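Visitor: I need the structure of the sequence given here:
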Amino acid sequence: MIRAGRQKYAQNSEELAAAMGVTIGTFRNKKPYAAEDFPPLISSDGARVKLWDSEQTAAHLAGRPVPEPQQEDDEQDLLDRNEASAELGVSPKTWDKNYKTHPQIAPHLITVKGVEHCPRGIVQAFRTGKDAGAGTGPKGRPKGSGDMVPRDEIFARVGDLLDEDPAVTLATVQERLGLSYAAAARALPRLRGERIADLLQAEPHLTPEAVATRLGYPTAVQRTALASAATELRARQVQPYLQRVADVLVGAGLAEQQDVVVHRMEGDVLAAAVLLSGSGAPALVWDERYGWRTAVSRRHPIGKETGTPPEGNDIRYLSEEKQPEPAELLAALTDHRHGSRRPKTIYPAGTAVHG
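Guide: Sure, this is the predicted structure:
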(Lines give C-alpha, C1' and ligand atoms only; values in the text may rest on other atoms or scores of the structure.)
Protein backbone atom coordinates (compact mmCIF):
# COMPACT_ATOMS: atom_id res chain seq x y z
CA MET A 1 0.00 0.00 0.00
CA ILE A 2 0.99 3.62 -0.30
CA ARG A 3 1.21 4.93 3.23
CA ALA A 4 -0.53 8.18 4.15
CA GLY A 5 1.35 11.22 2.88
CA ARG A 6 3.67 9.11 0.67
CA GLN A 7 1.81 9.34 -2.65
CA LYS A 8 4.35 11.74 -4.15
CA TYR A 9 7.12 9.18 -3.55
CA ALA A 10 5.42 6.36 -5.49
CA GLN A 11 7.83 5.09 -8.16
CA ASN A 12 7.12 2.63 -10.98
CA SER A 13 9.49 0.30 -12.81
CA GLU A 14 10.34 2.78 -15.59
CA GLU A 15 11.24 5.49 -13.10
CA LEU A 16 13.31 3.15 -10.96
CA ALA A 17 15.16 1.82 -14.01
CA ALA A 18 15.98 5.41 -15.05
CA ALA A 19 17.24 6.17 -11.54
CA MET A 20 19.51 3.12 -11.76
CA GLY A 21 20.78 4.12 -15.20
CA VAL A 22 19.59 0.99 -16.99
CA THR A 23 17.02 0.34 -19.69
CA ILE A 24 13.63 -0.99 -18.71
CA GLY A 25 14.44 -4.20 -20.59
CA THR A 26 17.61 -4.76 -18.56
CA PHE A 27 15.72 -3.87 -15.39
CA ARG A 28 13.02 -6.46 -16.05
CA ASN A 29 15.49 -9.15 -17.11
CA LYS A 30 17.93 -8.75 -14.23
CA LYS A 31 15.33 -7.87 -11.54
CA PRO A 32 17.73 -5.91 -9.28
CA TYR A 33 14.82 -5.31 -6.91
CA ALA A 34 14.83 -9.02 -6.03
CA ALA A 35 18.05 -8.58 -4.01
CA GLU A 36 17.57 -9.29 -0.33
CA ASP A 37 18.66 -5.81 0.79
CA PHE A 38 16.59 -3.93 -1.82
CA PRO A 39 13.76 -1.75 -0.43
CA PRO A 40 10.44 -3.60 -0.40
CA LEU A 41 7.63 -3.04 -2.86
CA ILE A 42 4.80 -0.78 -1.73
CA SER A 43 2.43 -2.49 -4.17
CA SER A 44 0.59 -5.59 -3.01
CA ASP A 45 1.73 -9.16 -3.65
CA GLY A 46 0.66 -10.12 -7.14
CA ALA A 47 -0.02 -6.54 -8.24
CA ARG A 48 0.18 -6.09 -12.01
CA VAL A 49 2.19 -2.85 -11.63
CA LYS A 50 5.12 -2.84 -9.25
CA LEU A 51 5.61 0.29 -7.13
CA TRP A 52 8.36 1.37 -4.76
CA ASP A 53 8.93 4.32 -2.42
CA SER A 54 11.41 6.58 -4.26
CA GLU A 55 12.83 7.98 -1.02
CA GLN A 56 13.78 4.47 0.05
CA THR A 57 15.20 3.42 -3.33
CA ALA A 58 17.20 6.65 -3.64
CA ALA A 59 18.76 6.06 -0.23
CA HIS A 60 19.60 2.45 -1.16
CA LEU A 61 21.19 3.43 -4.47
CA ALA A 62 23.24 6.15 -2.75
CA GLY A 63 24.47 3.74 -0.09
CA ARG A 64 22.64 5.59 2.68
CA PRO A 65 20.50 3.97 5.39
CA VAL A 66 17.06 3.23 3.99
CA PRO A 67 14.26 4.98 5.93
CA GLU A 68 12.07 2.51 7.79
CA PRO A 69 8.59 2.12 6.30
CA GLN A 70 5.68 3.32 8.41
CA GLN A 71 4.11 0.37 10.22
CA GLU A 72 0.97 1.93 11.72
CA ASP A 73 -2.20 1.86 9.66
CA ASP A 74 -3.80 5.21 8.80
CA GLU A 75 -7.20 6.08 7.36
CA GLN A 76 -5.42 7.88 4.51
CA ASP A 77 -3.31 4.88 3.47
CA LEU A 78 -3.98 4.15 -0.21
CA LEU A 79 -4.99 0.53 -0.89
CA ASP A 80 -4.80 -1.07 -4.32
CA ARG A 81 -7.51 -3.46 -5.56
CA ASN A 82 -5.95 -6.49 -3.86
CA GLU A 83 -5.66 -4.71 -0.52
CA ALA A 84 -9.08 -3.05 -0.70
CA SER A 85 -10.79 -6.32 -1.56
CA ALA A 86 -8.97 -8.08 1.30
CA GLU A 87 -10.16 -5.32 3.67
CA LEU A 88 -13.75 -6.12 2.65
CA GLY A 89 -13.25 -9.89 2.61
CA VAL A 90 -14.04 -10.29 -1.08
CA SER A 91 -12.04 -11.25 -4.18
CA PRO A 92 -10.34 -8.62 -6.36
CA LYS A 93 -12.74 -9.54 -9.19
CA THR A 94 -15.71 -8.90 -6.88
CA TRP A 95 -14.17 -5.56 -5.88
CA ASP A 96 -13.88 -4.59 -9.55
CA LYS A 97 -17.41 -5.70 -10.40
CA ASN A 98 -19.48 -4.72 -7.35
CA TYR A 99 -17.60 -2.41 -5.02
CA LYS A 100 -15.33 0.10 -6.71
CA THR A 101 -18.25 1.49 -8.73
CA HIS A 102 -20.42 2.01 -5.63
CA PRO A 103 -21.31 5.71 -5.06
CA GLN A 104 -19.76 5.57 -1.58
CA ILE A 105 -16.42 4.44 -3.05
CA ALA A 106 -16.11 5.53 -6.68
CA PRO A 107 -15.70 9.31 -6.03
CA HIS A 108 -12.74 8.63 -3.74
CA LEU A 109 -10.67 6.41 -6.04
CA ILE A 110 -7.21 7.81 -6.77
CA THR A 111 -4.96 6.74 -9.65
CA VAL A 112 -1.27 6.68 -8.76
CA LYS A 113 1.24 5.71 -11.46
CA GLY A 114 -1.59 4.15 -13.45
CA VAL A 115 -2.84 2.06 -10.52
CA GLU A 116 -6.23 2.68 -8.94
CA HIS A 117 -6.21 3.06 -5.15
CA CYS A 118 -8.82 3.74 -2.49
CA PRO A 119 -8.18 5.39 0.92
CA ARG A 120 -8.31 2.87 3.76
CA GLY A 121 -10.81 5.04 5.64
CA ILE A 122 -13.27 4.96 2.74
CA VAL A 123 -13.13 1.16 2.59
CA GLN A 124 -13.45 0.87 6.37
CA ALA A 125 -16.38 3.31 6.51
CA PHE A 126 -18.15 1.34 3.77
CA ARG A 127 -17.56 -1.95 5.55
CA THR A 128 -18.56 -0.62 8.98
CA GLY A 129 -21.74 0.99 7.66
CA LYS A 130 -22.70 -2.18 5.84
CA ASP A 131 -21.96 -4.44 8.83
CA ALA A 132 -23.96 -2.14 11.12
CA GLY A 133 -27.05 -2.53 8.94
CA ALA A 134 -27.22 1.23 8.37
CA GLY A 135 -26.92 1.22 4.59
CA THR A 136 -23.47 1.77 3.19
CA GLY A 137 -22.75 5.21 4.54
CA PRO A 138 -20.65 6.13 7.59
CA LYS A 139 -22.39 6.35 10.95
CA GLY A 140 -24.13 9.68 11.49
CA ARG A 141 -24.64 10.35 7.78
CA PRO A 142 -27.71 8.78 6.17
CA LYS A 143 -27.20 6.94 2.90
CA GLY A 144 -27.43 9.28 -0.07
CA SER A 145 -27.34 12.46 1.99
CA GLY A 146 -24.89 15.30 1.67
CA ASP A 147 -22.84 16.84 4.45
CA MET A 148 -25.06 18.23 7.20
CA VAL A 149 -22.89 21.34 7.66
CA PRO A 150 -22.73 24.08 4.98
CA ARG A 151 -19.42 23.91 3.13
CA ASP A 152 -18.27 27.35 4.29
CA GLU A 153 -18.81 26.37 7.94
CA ILE A 154 -17.05 22.99 7.92
CA PHE A 155 -13.59 24.22 8.96
CA ALA A 156 -14.97 26.39 11.78
CA ARG A 157 -17.11 23.56 13.14
CA VAL A 158 -14.31 21.00 12.93
CA GLY A 159 -12.02 23.56 14.59
CA ASP A 160 -14.45 23.77 17.52
CA LEU A 161 -14.22 20.01 18.00
CA LEU A 162 -10.42 20.20 17.81
CA ASP A 163 -10.50 22.90 20.50
CA GLU A 164 -12.53 20.57 22.73
CA ASP A 165 -10.28 17.57 22.15
CA PRO A 166 -6.95 17.73 20.26
CA ALA A 167 -7.15 13.94 19.89
CA VAL A 168 -10.59 13.98 18.24
CA THR A 169 -10.93 11.25 15.61
CA LEU A 170 -12.29 11.37 12.09
CA ALA A 171 -15.10 9.03 13.17
CA THR A 172 -16.13 11.45 15.93
CA VAL A 173 -16.06 14.40 13.53
CA GLN A 174 -18.25 12.48 11.10
CA GLU A 175 -20.72 11.49 13.80
CA ARG A 176 -20.90 14.84 15.61
CA LEU A 177 -21.20 16.99 12.47
CA GLY A 178 -22.82 14.60 10.00
CA LEU A 179 -19.92 14.91 7.56
CA SER A 180 -18.78 12.46 4.93
CA TYR A 181 -15.45 10.78 5.48
CA ALA A 182 -13.95 12.77 2.62
CA ALA A 183 -15.01 16.12 4.12
CA ALA A 184 -13.77 15.20 7.59
CA ALA A 185 -10.50 13.85 6.18
CA ARG A 186 -9.90 17.13 4.34
CA ALA A 187 -10.64 19.39 7.27
CA LEU A 188 -9.17 17.71 10.36
CA PRO A 189 -5.57 17.08 9.18
CA ARG A 190 -5.47 20.50 7.53
CA LEU A 191 -6.57 22.26 10.72
CA ARG A 192 -4.01 20.35 12.74
CA GLY A 193 -1.38 21.30 10.18
CA GLU A 194 -2.36 24.98 10.32
CA ARG A 195 -2.04 25.02 14.10
CA ILE A 196 1.36 23.35 13.94
CA ALA A 197 2.45 25.93 11.37
CA ASP A 198 1.18 28.79 13.58
CA LEU A 199 3.24 27.60 16.53
CA LEU A 200 6.33 26.89 14.42
CA GLN A 201 6.25 30.44 13.09
CA ALA A 202 5.77 31.85 16.58
CA GLU A 203 8.51 29.66 18.10
CA PRO A 204 10.87 28.67 15.27
CA HIS A 205 13.34 27.01 17.66
CA LEU A 206 10.87 24.15 18.18
CA THR A 207 10.81 21.02 16.03
CA PRO A 208 7.59 20.10 14.23
CA GLU A 209 7.38 16.90 16.27
CA ALA A 210 7.68 18.83 19.52
CA VAL A 211 4.94 21.21 18.42
CA ALA A 212 2.59 18.35 17.52
CA THR A 213 3.18 16.79 20.93
CA ARG A 214 2.64 20.10 22.72
CA LEU A 215 -0.65 20.57 20.90
CA GLY A 216 -1.81 17.19 22.15
CA TYR A 217 -2.00 15.36 18.83
CA PRO A 218 -1.79 11.56 19.20
CA THR A 219 1.21 9.78 17.73
CA ALA A 220 -1.04 7.94 15.27
CA VAL A 221 -2.11 11.18 13.55
CA GLN A 222 1.10 13.17 13.84
CA ARG A 223 2.51 12.01 10.51
CA THR A 224 -0.43 13.33 8.49
CA ALA A 225 -0.63 16.47 10.65
CA LEU A 226 3.07 17.21 10.12
CA ALA A 227 2.77 16.65 6.37
CA SER A 228 -0.16 19.07 6.32
CA ALA A 229 1.87 21.58 8.34
CA ALA A 230 4.74 21.39 5.85
CA THR A 231 2.32 22.10 3.00
CA GLU A 232 0.79 24.99 4.94
CA LEU A 233 4.20 26.53 5.55
CA ARG A 234 5.04 26.27 1.84
CA ALA A 235 1.77 27.98 1.00
CA ARG A 236 2.46 30.80 3.45
CA GLN A 237 5.98 31.22 2.08
CA VAL A 238 4.88 31.57 -1.55
CA GLN A 239 1.72 33.65 -1.01
CA PRO A 240 3.52 37.04 -0.75
CA TYR A 241 5.24 36.40 -4.09
CA LEU A 242 1.95 35.47 -5.75
CA GLN A 243 0.29 38.57 -4.33
CA ARG A 244 3.16 40.71 -5.63
CA VAL A 245 2.57 39.33 -9.12
CA ALA A 246 -1.14 40.09 -8.87
CA ASP A 247 -0.40 43.64 -7.72
CA VAL A 248 1.96 44.23 -10.67
CA LEU A 249 -0.75 43.03 -13.06
CA VAL A 250 -3.22 45.38 -11.37
CA GLY A 251 -0.76 48.25 -11.84
CA ALA A 252 -0.45 47.38 -15.54
CA GLY A 253 -4.22 47.52 -15.95
CA LEU A 254 -4.51 43.79 -16.66
CA ALA A 255 -6.29 42.75 -13.47
CA GLU A 256 -8.52 44.11 -10.74
CA GLN A 257 -7.38 44.22 -7.12
CA GLN A 258 -7.68 40.78 -5.55
CA ASP A 259 -6.37 38.69 -2.69
CA VAL A 260 -4.55 35.67 -4.03
CA VAL A 261 -5.48 32.39 -2.34
CA VAL A 262 -3.11 29.42 -2.44
CA HIS A 263 -5.02 26.19 -3.04
CA ARG A 264 -4.01 22.65 -2.20
CA MET A 265 -4.46 20.18 -5.02
CA GLU A 266 -4.33 16.39 -4.88
CA GLY A 267 -1.03 15.20 -3.49
CA ASP A 268 -0.51 18.47 -1.57
CA VAL A 269 0.42 20.33 -4.76
CA LEU A 270 0.08 24.11 -4.40
CA ALA A 271 -1.61 26.24 -7.04
CA ALA A 272 -3.10 29.73 -7.29
CA ALA A 273 -4.96 31.83 -9.84
CA VAL A 274 -4.91 35.53 -10.71
CA LEU A 275 -8.03 36.64 -12.58
CA LEU A 276 -7.32 38.96 -15.53
CA SER A 277 -9.45 41.67 -17.10
CA GLY A 278 -7.67 42.96 -20.16
CA SER A 279 -4.98 40.64 -21.49
CA GLY A 280 -6.95 38.30 -23.72
CA ALA A 281 -6.63 35.41 -21.25
CA PRO A 282 -9.24 34.86 -18.50
CA ALA A 283 -6.63 34.20 -15.81
CA LEU A 284 -3.09 33.24 -14.95
CA VAL A 285 -2.44 30.09 -12.96
CA TRP A 286 0.66 29.31 -10.90
CA ASP A 287 1.39 25.66 -10.15
CA GLU A 288 4.43 24.81 -8.06
CA ARG A 289 5.39 22.06 -10.51
CA TYR A 290 4.99 23.98 -13.76
CA GLY A 291 5.24 27.68 -12.89
CA TRP A 292 2.95 30.21 -14.59
CA ARG A 293 0.53 29.53 -17.44
CA THR A 294 -2.49 31.14 -19.00
CA ALA A 295 -5.88 29.60 -18.23
CA VAL A 296 -8.88 29.04 -20.48
CA SER A 297 -11.56 29.51 -17.79
CA ARG A 298 -12.22 32.42 -15.46
CA ARG A 299 -14.70 30.49 -13.32
CA HIS A 300 -12.47 27.43 -12.80
CA PRO A 301 -9.00 28.60 -13.87
CA ILE A 302 -6.95 25.99 -12.01
CA GLY A 303 -9.04 23.08 -13.25
CA LYS A 304 -9.06 19.47 -12.14
CA GLU A 305 -5.79 17.82 -11.16
CA THR A 306 -4.77 15.15 -13.70
CA GLY A 307 -1.11 14.62 -12.86
CA THR A 308 0.02 16.07 -16.20
CA PRO A 309 0.58 19.67 -17.34
CA PRO A 310 -2.62 21.15 -18.85
CA GLU A 311 -2.38 21.74 -22.58
CA GLY A 312 -4.53 23.49 -25.17
CA ASN A 313 -4.55 26.08 -27.92
CA ASP A 314 -5.02 28.95 -25.46
CA ILE A 315 -2.60 27.70 -22.81
CA ARG A 316 0.90 29.20 -22.73
CA TYR A 317 3.58 28.47 -20.15
CA LEU A 318 5.21 31.84 -19.65
CA SER A 319 8.57 31.12 -18.05
CA GLU A 320 11.06 28.34 -17.42
CA GLU A 321 11.45 29.71 -13.90
CA LYS A 322 9.22 28.56 -11.08
CA GLN A 323 8.99 32.05 -9.60
CA PRO A 324 10.04 34.58 -12.25
CA GLU A 325 10.11 38.26 -11.41
CA PRO A 326 6.70 39.92 -11.96
CA ALA A 327 8.16 42.22 -14.65
CA GLU A 328 9.41 39.21 -16.63
CA LEU A 329 6.03 37.54 -16.31
CA LEU A 330 4.23 40.70 -17.42
CA ALA A 331 6.44 40.95 -20.52
CA ALA A 332 5.80 37.32 -21.44
CA LEU A 333 2.07 37.69 -20.95
CA THR A 334 1.77 40.71 -23.22
CA ASP A 335 4.10 39.39 -25.94
CA HIS A 336 2.65 36.26 -27.53
CA ARG A 337 6.02 35.36 -29.00
CA HIS A 338 7.05 34.30 -25.51
CA GLY A 339 6.02 31.08 -23.85
CA SER A 340 5.50 27.46 -24.85
CA ARG A 341 2.70 24.94 -25.16
CA ARG A 342 4.25 22.76 -22.45
CA PRO A 343 6.39 23.61 -19.43
CA LYS A 344 10.09 23.31 -20.20
CA THR A 345 10.90 22.59 -16.55
CA ILE A 346 8.84 20.47 -14.19
CA TYR A 347 9.63 20.82 -10.50
CA PRO A 348 8.72 18.17 -7.93
CA ALA A 349 5.94 19.34 -5.63
CA GLY A 350 7.32 20.75 -2.41
CA THR A 351 10.66 21.97 -3.75
CA ALA A 352 11.67 25.45 -2.68
CA VAL A 353 12.80 27.21 -5.85
CA HIS A 354 13.06 30.97 -6.16
CA GLY A 355 13.13 32.76 -9.48
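Visitor: residue boundaries of the strands in the protein?
Guide: For the chain, the strands defined by DSSP state E cover 10-12, 51-53, 78-79, 110-112, 115-119, 263-264, 270-275, 283-287, 291-295.
Visitor: now render the ones you listed as CSV, adding mean pLDDT and mean neighbour count.
Guide: (Each C-beta comes from the backbone N, C-alpha and C, glycine too.) Rendered in CSV, the data for the strands of the chain read as follows (pLDDT from 0 to 100; neighbours: other C-beta atoms under 10 Å):
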stretch, mean pLDDT, mean neighbour count
strand 10-12, 93, 20
strand 51-53, 94, 24
strand 78-79, 94, 23
strand 110-112, 90, 16
strand 115-119, 92, 22
strand 263-264, 91, 15
strand 270-275, 95, 22
strand 283-287, 95, 24
strand 291-295, 94, 25
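Visitor: closest to residue 95 out of those strands?
Guide: Comparing the strands of the chain against residue 95 with C-beta to C-beta, the closest turns out to be strand 115-119 (9.0 Å).
Visitor: picking up where we left off before, closest to residue 150 out of the strands of the chain?
Guide: When these are ranked by distance to residue 150, counting by C-beta to C-beta, first place goes to strand 263-264 at 19.6 Å.
Visitor: output the strands of the chain as TSV; include the columns distance to residue 199.
Guide: Supplementary listing: those in TSV, determined by distance: least, C-beta to C-beta, whole Å:
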stretch	distance to residue 199
strand 10-12	31
strand 51-53	29
strand 78-79	29
strand 110-112	31
strand 115-119	28
strand 263-264	20
strand 270-275	21
strand 283-287	28
strand 291-295	31
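Visitor: so which of those is nearest residue 174?
Guide: When the strands of the chain are compared for distance to residue 174 using C-beta to C-beta, the nearest one is strand 115-119, at 13.7 Å.
Visitor: which elements pack onto that closest one?
Guide: Where contact means 3 or more C-beta pairs under 8 Å, 6 or more residues apart in numbering; DSSP states H and E, strand 115-119 is packed against strand 78-79, helix 81-88, strand 110-112.
Visitor: ok now the shortest one, how far from the chain's centre?
Guide: Relative to its parent chain, strand 78-79 has a centroid offset of 14 Å by C-alpha atoms, centre = their mean, to the nearest Å.
Visitor: ok, residues contacting that strand?
Guide: Counting contacts by C-beta atoms under 8 Å, 6 or more residues apart in numbering, the residues outside strand 78-79 that touch it are 1-4, 7, 87, 110, 112, 117-120, 123.
Visitor: repeat for stretch 230-238
Guide: Applying C-beta under 8 Å, 6+ apart, the set of residues contacting stretch 230-238 is 190, 193-194, 196-197, 200-201, 208, 262, 264, 268, 270, 272, 288, 323, 350, 352.
Visitor: buried only: go through those residues for me.
Guide: Buried members of the contacts of stretch 230-238, scored by 16 or more other C-beta atoms under 10 Å, are 190, 193-194, 196-197, 200, 208, 262, 264, 268, 270, 272, 288, 323, 350.
Visitor: nearest to residue 58, of those residues?
Guide: Among the buried ones among the contacts of stretch 230-238, residue 350 lies closest to residue 58 (C-beta to C-beta), at 14.8 Å.
Visitor: quick one: pLDDT of the closest residue to residue 194 other than its chain neighbours?
Guide: Excluding its sequence neighbours, the residue lying closest to residue 194 (C-beta to C-beta, 6 or more residues apart in numbering) is residue 232, at 5.4 Å. Looking at residue 232, its pLDDT stands at 95.
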